[in-house]
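Colleague: got a predicted structure here, sequence first:
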Amino acid sequence: MQDKIDKTLKEAHNFEVENPSDLEKFRIRFLGKKGIIPELFDEFKNLPHSEKKETGKILNELKKTVQVKIVESARKLSVKHENQISIDLTLPAEQLPAGSRHPISVVRKEIIEIFSRIGFTVSDGPEIEDDWHVFSALNFPSEHPARDMQDTFFIFKNPDILLRTHTSSVQVRVMNSTRPPIRTISPGRVFRNEAISARSHCIFHQIEGLYVDENVSFADLKQTLQFFAKELFGEDTKIRLRPSFFPFTEPSGEMDVSCSCKGEGCKLCKNTGWLEVLGCGMVDPNVLRDCNIDPEKYTGFAFGLGIERIALLKYDIKDIRLYFENDVRFLNQFSAII
Ligand code: PHE
């Protein structure tokens, strides 16, 4: 019996396993039902008691050696073998809880859809910008105090490279690379060096709108904004425009929408009945000229709104910081909105 075991051990060592079919042959030869090792175990049963201890030990070692060779060869050949836990692919998967869209994404999508219905395309631009696209081309003279309206993050203390403070930089890029008629909106992230509070954050999202063509008038701007407000906040919504100032628009305005309390007075509108929603105006001729568009021939309007603010008004969210904390208890509340 000892001899047989030695011979089997040698054979197992010398057996060359080069492919999966060799491996299977090896397994059958040594561990299969009629294989050598089960046969040896049968013989083992009939041994006299005195020999059992010694022989049992080497027989078990032989079995182990063969098993190790199977596992190792299988690993080398990257095939599954009997000793590996097999996965039943037919079992149903564990259910993962469904996620939900972030309220900023929900509102951004809705606004894009509203404007695409009236022919606006979507444009994109970089978040790291240069002074020219964010300020100079938009009629902010250098050293002009209007630059302080937007506290800027500069990169490496370089006054020319900065994080865009508004998406108006994208209108400059669009006007530089295409010719009128231009009808586009640009959603994106913007950055301002402001203290974080319930009302403001140093990172937020804007959507810029730009329309440049022959004979574009303030009436077109008003009509477009009215359509937008009714689509977003409901058919009964009224708008009002108040004069304002932006260096890149002349005249400039701010648009308010009527509050859903209908002037009865509520906290959201601070009892005024109106909610401030966006800035807008007619593109300043200087801006058109800087972008090589003839201001004698073309006119245009632009507007810019904050997505956080719109979502805040739409869903009565009290604190802007909630958007960035990713607390699932907050986010789950939007799971019904697609
Ligand atoms: N860029 C302005 C802001 O961030 C908004 C705006 C855009 C105003 C376009 C007028 C026209 O405050």
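Modeller: Done, it's in. Because the structure is a prediction, the values reported are computed rather than measured.
Colleague: does whatever residue of the chain ends up closest to the ligand have beta-bridge partners, and which?
Modeller: Residue nearest to the ligand within the chain: G304 (2.6 Å; CB to the nearest ligand atom). Every residue, glycine included, has its C-beta placed from N, CA and C. Counting by DSSP bridges, G304 forms beta bridges with E208, G279.
Colleague: give me every residue that touches it.
Modeller: 166-168, 206-209, 278-280 (CB atoms under 8 Å, 6 or more residues apart in numbering).
Colleague: ok, L9 to E18 distance?
Modeller: 21 Å (CB to CB, to the nearest Å).
Colleague: these two: who's more crowded?
Modeller: Ranked by neighbour count (other CB atoms under 10 Å), L9 and E18 place L9 first, with 15 against 10.
Colleague: double-check that the more buried one belongs to a helix.
Modeller: Yes - checked against DSSP: H, G, I helix; E, B strand; the rest coil, L9 lies within a helix.
Colleague: how about it, what does it touch?
Modeller: Per CB under 8 Å, 6+ apart, neighbours of L9: 62, 65.
Colleague: could you pull out the strands for this structure?
Modeller: Using DSSP state E, the strands of the chain run over residues 121-122, 128-130, 154-155, 158-163, 182-191, 203-213, 239-246, 249-258, 274-283, 299-306.
Colleague: any residues touching the fifth one, and which ones?
Modeller: When you say that, I think you mean strand 182-191. Contacts of strand 182-191 (CB under 8 Å, 6+ apart): 108, 111-112, 115, 119-125, 127, 153, 163-167, 170-171, 174-175, 202-213, 300, 307.
Colleague: before we move on, back to that, return the most buried member of the strands of the chain.
Modeller: Mean neighbours per residue, mean count of other CB atoms under 10 Å, is largest over these for strand 299-306, with a mean of 24.
Colleague: related to what we said a few turns ago, got a markdown table for the strands of the chain, with distance to E54 and mean pLDDT too?
Modeller: Below are the strands of the chain laid out as a markdown table (distance: least, CB to CB, whole Å; pLDDT from 0 to 100):
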| stretch | distance to E54 | mean pLDDT |
| --- | --- | --- |
| strand 121-122 | 82 | 97 |
| strand 128-130 | 77 | 96 |
| strand 154-155 | 78 | 89 |
| strand 158-163 | 79 | 88 |
| strand 182-191 | 77 | 97 |
| strand 203-213 | 76 | 97 |
| strand 239-246 | 97 | 96 |
| strand 249-258 | 94 | 96 |
| strand 274-283 | 92 | 95 |
| strand 299-306 | 85 | 97 |
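Colleague: which one of the ones you listed lies closest to F334?
Modeller: When the strands of the chain are compared by CB to CB, strand 203-213 sits nearest F334, at 15.5 Å.
Colleague: how big is the angle separating that closest one from strand 182-191?
Modeller: 160 degrees (axes from the mean of the first three to the mean of the last three CA atoms, to 10 degrees).
Colleague: helices or strands next to strand 203-213 in the packing?
Modeller: Here strand 203-213 touches helix 103-116, helix 168-177, strand 182-191, helix 218-233, strand 299-306, helix 307-315, going by 3 or more CB pairs under 8 Å, 6 or more residues apart in numbering; DSSP states H and E.
Colleague: just give me how far it sits from the chain centre.
Modeller: 20 Å (CA atoms, centre = their mean, to the nearest Å).
Colleague: can I get it in CSV, CA atoms only?
Modeller: Taking C-alpha atoms only, strand 203-213 is exported to CSV below (Å, rounded to 0.1, in the frame of the first residue of the first chain):
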residue,chain,number,x,y,z
ILE,A,203,-20.8,77.3,-5.2
PHE,A,204,-24.1,77.5,-6.9
HIS,A,205,-25.7,77.0,-10.3
GLN,A,206,-27.0,79.4,-12.9
ILE,A,207,-28.7,79.3,-16.2
GLU,A,208,-27.8,82.1,-18.7
GLY,A,209,-30.1,82.9,-21.6
LEU,A,210,-29.0,84.8,-24.7
TYR,A,211,-30.9,85.8,-27.8
VAL,A,212,-29.2,87.9,-30.6
ASP,A,213,-30.8,88.7,-33.9
